[in-house]
Structures are given as structure tokens and as C-alpha cells.
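Novice: Mind folding the following:
(one chain, ligands or ions: 1)
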Amino acid sequence: MLNEETIAAFRASLRGELIEVYNAMIDRRPRLIARCADVADVMTAVKFGREQKLLVAIRGGGHNGPGLGVCDDGLVIDLSRMNYVRVDPKKKTVVAGGGALWRDVDHATHAFGLAVPSGIISTTGVGGLTLGGGIGYLTRRYGLTIDNLLAVEMVLADGRFVTASAKENADLFWAVRGGGGNFGVVTSFLFKGQPVHTDYGGPMLWPMEDAAEILRWYRSFIAKAPDDVNGFFAFHTVPPGPPFPEHLYHKKMCGIVWCYTGPHKKAEKVFQPIRKFKAPALDLVGPIPHPALQSLFDGLYPPGLQWYWKADFVRTLPDEAIAQHVKYAAKLPTMHATMHLYPINGAASRVKNGATPWGYRDATWAEVIVGVDPDPANKEKISTWAKEYWSALHPYSAGGAYVNFMMEEGEDRIRATYGKNYDRLAKIKKRYDPANLFRVNQNIKPK
Ligand SMILES: Cc1cc2nc3c(=O)[nH]c(=O)nc-3n(C[C@H](O)[C@H](O)[C@H](O)COP(=O)(O)OP(=O)(O)OC[C@H]3O[C@@H](n4cnc5c(N)ncnc54)[C@H](O)[C@@H]3O)c2cc1C
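Specialist: Below you'll find the model as predicted:
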């Protein structure tokens, strides 16, 4: 059977590289894969795809849930070789190639005491995560990834190479900050680096029986928490291995994964009321280098797992919604299945809804329900659980979802996600990609 071990052995036996689509549920066979080395290659590949009337997919880090970095029959423009990162310590800016992974960025920036706000798994691509918005450990302190984006360089559908920033092609710059890969191939990103070196963070776990009480406490805590305290809530099953104690192995639990970026001498004091509210069954929170926190869960979620997720934005968490959460958490179908509530209040919420296409700045959380398992035989089981859980919670949601936490769910869902910003995106799409060459994505139709 094709599983993690067989793939790892195959990779180890090669002198060259093995390319994998992260979600093993995706089974697509492109006709051609162009492994671009530079911008010139991207321009040539776009021209070839357009002239040959091929379906064109753009692959950044390959982590997209519905596998929108690959396509059947057509041409994949694979950017993974364009993974350079350059830090300017004086200007505190960071340039990352269109195919870089977040671990490439974290490695390069940490040496200068800087970090770019990103996600929570370091193997995720800079490309897809940024173009969809970017939620992670630094969201409450420094905003979404797009709030730290200063400019992009990109190859458009007609083959032109352009820069988009607040000063140049401002409409395009607006669109790429949430509108995904709809507008062209981004060959490089210019970010603002933030002064982050060592966090005070990690997970705290509590027994599932306390879940309703913890969620009620968490909803009021996070609403008023200072920006330098980030904590995402999770339901999950404790993996059987270090650093977890044996008595917790395989237990379904609830937890909060913290990331405090304030002064370390204040950390114990900041966490004192959190620990006092209810002593955690496991408390792994302490000083941790930022790249270590960023990659803490990489081993738990390697590529090659079956993956099905559903999402929503959430403004409030009434007691009835909490009751539904507790009900479905008790039914977590596999060890890897999980539910996360990522806070997006704080700095991210102080950007206006229309300032970028990311239209839910007034929501408190991005919720994602994730069915995951290594065994393809459990595909139905994990997706049914995720769909049922989502349906029970959707009535309490704000309507749309974070575009990077969606499967292919149809145009209505994409419209709900962009809300009032959809029509403006459609107009910009028409200007830059009127024939919809770039349509292997959460597609915005040119209008
Ligand atoms: C394990 C895991 C953890 C995650 N954690 C987080 C998280 O903490 N926070 C968060 O915000 N998201 C998170 N995500 C979601 C992630 O942001 C999306 O899956 C995203 O699409 C991944 O981007 P990618 O470049 O790796 O994927 P790909 O599959 O390579 O690309 C995704 C989409 O973006 C387009 N694209 C990628 N690069 C470019 C480019 N350079 N130019 C133009 N278009 C491009 C592709 O065409 C495709 O449509 C996570 C995903 C996984 C699987």
C-alpha cells in the first residue's frame, strides 16, 4: 500500500527530488509539469499554456486542501525551485520566492530576530497561504500575512512581468491580498519583517469533560486579551509518543495553543490567570524559539494524509454552539482529526473590511473542522464527520469561510467568502485575466 513509510523509503532511495501533493485524497494527472527555475521560465510556461490552450495550475507549496496546485491533463507551473529568501536587516524587509515554504522564511529571518506572520505548520507554501490571507500565531499581534505584504512581482496571463504594490498597479495589489492565485503567477513576495525571536508559547491541554467550561472561558478571555497574547482553541486526540505523557496517549482532549510575544519577564504573570482558571492536564507552555513553535506540529501532519476540511468565520460563540462543538468533538473519528478556532480579532480586525478582499475583519475566529487520516479506507468516515459537524455549527457562523480552509464548494460559497468585495475582484480579474487562464483555484469569474 502507498503509505508514509513506503513514500519515505522511495524518497530516501532517490538522488533527485520527489514531489508530492500534500493531500493524498487528491489524485490528478497533469500532462506537463514545468519546474521553473526563474521568472523567465514562468513567462515561457504561461505563454505556452495560453497558446496551447492548456488548463494551467500554479503550484506553490502544494498544501492546498482541494489540491488546487495541480490539474488533470494540463500544465502545472511548479514554483518549488524558486524558494529563495533574502532578508534586509536594515530595512527589516524579507523577499521570498513564489515557491518558498514558510520554513525557508523562518530559517532566514530568525537569524536577524525577525519573523513574517504566517500559519502554524512550517511546510505550508508562502504562495497559497499569503494569497488567501494568512492566519497564524502572530495574527492578533501583527495582523494577517497580507497585512505584512508590501509588494509582489508577478507574471500576468498575457505574459507581462509586473510589480504590484500600494504605488504600482494598486488595484492588482488590492486583489492579491486575499484573492488567491486568480490574477497571475506571483514570482516573489516582499514582506515587512516583525521583531519576533523567542515566543512564550506551546499547548495547554484539558480533559474533554471540561470542554464546555474551557470554551466559555476562552470566548471571553480572547475577546479582551492584549494583542501580544494569541491562542487558538483545538479539539484533538493525544498522539502516542513524546512529548506527551503515556497516561494521556489516545485521549480525546481540548486545548489552547498559545503564542505570547510580549516581554518574557511578564510572561509568567500574563499566564498566571490562565493557569489558575483551571489547571491544565498538560502544560507545555514556555520560552520557545519562533521557528520551533512554527514547526511544532509538522511531524504530526506530514504530507500524504487523507484530508477533508470545512470552515466558517465566527463572530460569537453562544452556549448552544458550544454544546454542538462538544457533541462533535466527542466523535473525533481518527487520531489526526481536529477542530481549530483561530482568533482573528486584535491587529487583524483593525484593518477595514474593504481595504483588502479579505472580507471578515469583524469576525472573532476562523473555524476549521479537519477530517484527517493516513488510511484511504477512512476517507468517507472523516469527510462525513467534518460535513456533519460543520452543518451543525454553520447556523451560528458569519456566513463565509476563510478561502484557504475550503474544499471546492462552488461559486456561491466563494461569493459568501468575499461578500461585498467579490464584484470588485471580478472586475480586476477581467482586467488582468479576461480569458480566465488562471482558473484552477477558488475561482473568481471575470466580469
Ligand atoms: C497542514 C496544513 C496547515 C495549514 N495551516 C494554515 C495556517 O495555519 N494558516 C493559514 O492561513 N493557512 C493554513 N493552511 C492552509 C493553506 O494556507 C492553504 O492550504 C494554501 O492554499 C497552501 O498554499 P500552498 O502554496 O502550500 O499550496 P498550493 O497547493 O501550491 O497552492 C494553493 C493555491 O494557491 C495558488 N498559488 C500558490 N502559490 C502561488 C503563486 N506563487 N502565485 C500564484 N498562485 C499561487 C495555487 O494556484 C493554488 O490555487 C494549512 C494547510 C495545511 C495543509
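Novice: Could you say which helix or strand holds the residue lying closest to Gly159 once chain neighbours are set aside?
Specialist: Excluding its sequence neighbours, the residue lying closest to Gly159 (Cβ to Cβ, 6 or more residues apart in numbering) is Lys47, at 5.0 Å. C-beta here means a position set from N, CA and C on the backbone, and glycine is covered the same way. Lys47 belongs to helix 39-51 when assigned by DSSP states H and E.
Novice: which other helices and strands contact that helix?
Specialist: strand 32-35, strand 56-59, strand 75-78, strand 149-155, strand 185-192 (3 or more Cβ pairs under 8 Å, 6 or more residues apart in numbering; DSSP states H and E).
Novice: give the contact list for Trp102.
Specialist: By Cβ atoms under 8 Å, 6 or more residues apart in numbering, the residues touching Trp102 are Gly61, Ser118, Gly119, Ile121, Ser122, Thr123, Thr124, Gly125, Val126, Leu129, Gln294.
Novice: Name the member of these with the most neighbours.
Specialist: When neighbours are counted by other Cβ atoms under 10 Å, Val126 leads the contacts of Trp102 with 32 neighbours.
Novice: hang on, that residue packs against Arg103?
Specialist: No - counting by Cβ atoms under 8 Å, Arg103 is not a contact partner of Val126; they are 9.9 Å apart.
Novice: rewinding a little: and among the helices and strands packed on helix 39-51, the most buried is which?
Specialist: Of all the helices and strands packed on helix 39-51, strand 56-59 has the most neighbours on average by mean count of other Cβ atoms under 10 Å, namely a mean of 28.
Novice: What lies in contact with that one?
Specialist: 30, 46, 49-50, 68-71, 74-80, 99, 127, 181, 185, 437-438, 440-441.
Novice: and it, average pLDDT?
Specialist: Mean pLDDT, strand 56-59: 97.
Novice: just stretch 312-331 next, same as before
Specialist: For stretch 312-331, the per-residue pLDDT averages 98.
Novice: next one: stretch 162-180
Specialist: 98.
Novice: Equivalent analysis for stretch 388-401, please.
Specialist: The model assigns stretch 388-401 a mean pLDDT of 97.
Novice: Now do that stretch: distance to the chain's middle.
Specialist: 19 Å (Cα atoms, centre = their mean, to the nearest Å).
Novice: coming back round to it: which one of the contacts of Trp102 is nearest to Lys92?
Specialist: Ser118 (16.2 Å; Cβ to Cβ).
Novice: Just to check, that closest one is in contact with Thr145?
Specialist: Yes - Ser118 lies in contact with Thr145 (Cβ under 8 Å); the separation is 5.7 Å.
Novice: residue contacts, the residue lying closest to Pro343 once chain neighbours are set aside?
Specialist: Using Cβ to Cβ, 6+ apart and skipping the chain neighbours, the partner closest in space to Pro343 is Ile222 (5.1 Å). Taking Cβ under 8 Å, 6+ apart, we find Ile222 in contact with Gly231, Pro343, Asn345, Thr364.
Novice: let's see it at 7 Å
Specialist: Contact analysis of Ile222 by Cβ atoms under 7 Å, 6 or more residues apart in numbering lists Gly231, Pro343, Asn345.
Novice: Format the residues you listed as TSV; extra columns: neighbour count and secondary structure.
Specialist: Shown next, in TSV, are the contacts of Ile222 (neighbours: other Cβ atoms under 10 Å; DSSP: H, G, I helix; E, B strand; the rest coil):
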residue	neighbour count	secondary structure
Gly231	25	strand
Pro343	23	strand
Asn345	20	coil
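Novice: And those residues, which is closest to the ligand?
Specialist: Pro343 (12.2 Å; Cβ to the nearest ligand atom).
Novice: in the sheet, who's paired with the closest one?
Specialist: For Pro343, the beta-bridge partners are Trp365 (DSSP bridges).
Novice: any idea how far it lies from Ile256?
Specialist: 10 Å (Cβ to Cβ, to the nearest Å).
Novice: which residues do those two both contact?
Specialist: Gly231, Phe232.
Novice: For Gly179, give me the backbone phi and psi.
Specialist: Main-chain dihedrals, Gly179, degrees, to the nearest 10: phi -80, psi 10.
Novice: nope, Gly143 is what I was after
Specialist: Dihedral angles for Gly143 - degrees, to the nearest 10 - are phi 90, psi -180.
Novice: Pick out the residue of the stretch 201-350 of the chain closest to the ligand.
Specialist: Tyr301 (4.5 Å).
Novice: what residues are up against that residue?
Specialist: Contacts of Tyr301 (Cβ under 7 Å, 6+ apart): Ile121, His336.
Novice: The closest residue to Asn169 other than its chain neighbours in helix, strand or coil?
Specialist: Among residues not flanking Asn169 along the chain, Val162 sits closest, at 5.7 Å (Cβ to Cβ, 6+ apart). Reduced to three states with DSSP: H, G, I helix; E, B strand; the rest coil, the structure at Val162 is strand.
Novice: rewinding a little: per-residue pLDDT, the residue nearest to Gly159?
Specialist: 96.
Novice: Flag the shaky bits of the chain, pLDDT-wise.
Specialist: 1-2 (pLDDT under 70).
Novice: How about the residues of it by the ligand?
Specialist: By Cβ under 6 Å from any ligand atom, the part of the chain that sits against the ligand consists of 22, 57-65, 68-69, 79, 98, 119-121, 124-125, 127-129, 131-132, 134-136, 180-181, 185-186, 301, 404, 441.
Novice: Many thanks, we can stop here.
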